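**Q** Quick check, what structure comes out for this input:
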Amino acid sequence: MASIPLRSFVKGMCWEFIGLILTFIAVYLVYGNLSLSIQFSVGLTIIKIGFYFAHERVWKKIRWGKYHIVKGKMIFEDADRNKEKVKRKNI
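**A** Predicted structure coming up:
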């Protein structure tokens, strides 16, 4: 269930490569300038990879929606925290 920061970085690189190609095509179609298209696409991709990496690392720390399978049953990571909240309310 755990992941290392490199995984988030590689995921970001793969996704942004697709974005780089699409951005390049769009800028080239609008401006018709190869050099501008390359500069804009590469610059935007670098910025977006940084934001995607940060986004992935933040979501990695959020327990909501994560689960493990133990003996055929789904155990949600935040279940213990929810039980503690219920216990506190019942006291």
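
**Q** now for this protein, which residue lies nearest the mean position of the chain?
**A** Central residue check for the chain by Cα atoms, centre = their mean: the C-alpha nearest the mean position is that of residue 56, 3.5 Å away.

**Q** Just give the nearest non-adjacent residue to residue 52, would you?
**A** Ranked by Cβ to Cβ, 6 or more residues apart in numbering and with sequence neighbours excluded, the top spatial neighbour of residue 52 is residue 12, at 4.0 Å. C-beta here means a position set from N, CA and C on the backbone, and glycine is covered the same way.

**Q** Can you tell me the number of residues neighbouring that neighbour?
**A** Applying other Cβ atoms under 10 Å, we find 20 other residues in the vicinity of residue 12.

**Q** In terms of pLDDT, where does it sit?
**A** Residue 12 is assigned 74 on the pLDDT scale.

**Q** List the residues that contact residue 11.
**A** Residues touching residue 11, when contacts are defined by Cβ atoms under 8 Å, 6 or more residues apart in numbering, comprise 52, 56.

**Q** Hmm, residue 53 and residue 60 touching each other?
**A** No - in this structure, residue 60 sits apart from residue 53 without contact. The criterion is Cβ atoms under 8 Å, and the distance is 10.8 Å.
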